[in-house]
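Trainee: structure for this input, please:
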Amino acid sequence: MFLHMLNDDQKRAFAALALKLTAADGAVVGREAAKLRALSGEMNLELEGWDSSASVAELAASFTDRRSKVVALLELLGFAYSDTSFQSVEASMVSEAARAMSISDHDLKRLETWVGEHVGHVRQAFALMRE
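Mentor: Presented below is the predicted three-dimensional model:
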């Protein structure tokens, strides 16, 4: 949704974070795999070229201004919710990224709330489409 606001280096760093996040709970399920493919298309990056070997802190250092940090965290949270649940291992990784970006716990909670509400609204919209 907001990835177009990132520069190319930040997009590559985000892609690596997203790959780490989707593998964090031990399984890349259908929605997560589809989300990775969509991400690849949205950012014009090939899935095979994503390098997730860097640490979360190293990748987080690519986001140097508040806007890019918030974009990365909103999108990571969206990925975390893409399998319909926000696992503790995923929450831990998002928290680690936020700390590395110097984003406060309070602000991270606000971002989590926004993404949770957004996901709920999207689900409601799809339900309305089925009626």
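Trainee: use CA for all of it now, contacts and neighbours both
Mentor: OK.
Trainee: mind checking pLDDT for residue 20?
Mentor: According to the prediction, residue 20 has pLDDT 87.
Trainee: and it, what does it touch?
Mentor: residue 52 (Cα atoms under 8 Å, 6 or more residues apart in numbering).
Trainee: that one and residue 131: what is the separation?
Mentor: 37 Å (Cα to Cα, to the nearest Å).
Trainee: buried set for the helix or strand bottoming out on mean pLDDT in the chain?
Mentor: In the chain, no helix or strand scores lower on mean pLDDT, DSSP states H and E than helix 30-43, which sits at a mean of 75. Across helix 30-43, burial judged by 16 or more other Cα atoms under 10 Å covers 32-33, 35-36, 39-40, 43.
Trainee: need the residues you listed in TSV with distance to residue 65, can you?
Mentor: Shown next, in TSV, are the buried residues of helix 30-43 (distance: Cα to Cα, whole Å):
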residue	distance to residue 65
32	27
33	29
35	25
36	25
39	22
40	23
43	19
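Trainee: closest to the centroid, which residue in the chain?
Mentor: What sits nearest the mean C-alpha location of the chain, by Cα atoms, centre = their mean, is residue 76, with 1.4 Å.
Trainee: with adjacent residues omitted, what lies nearest to that residue?
Mentor: In space, and not counting its chain neighbours, residue 76 is closest to residue 18: 6.3 Å by Cα to Cα, 6 or more residues apart in numbering.
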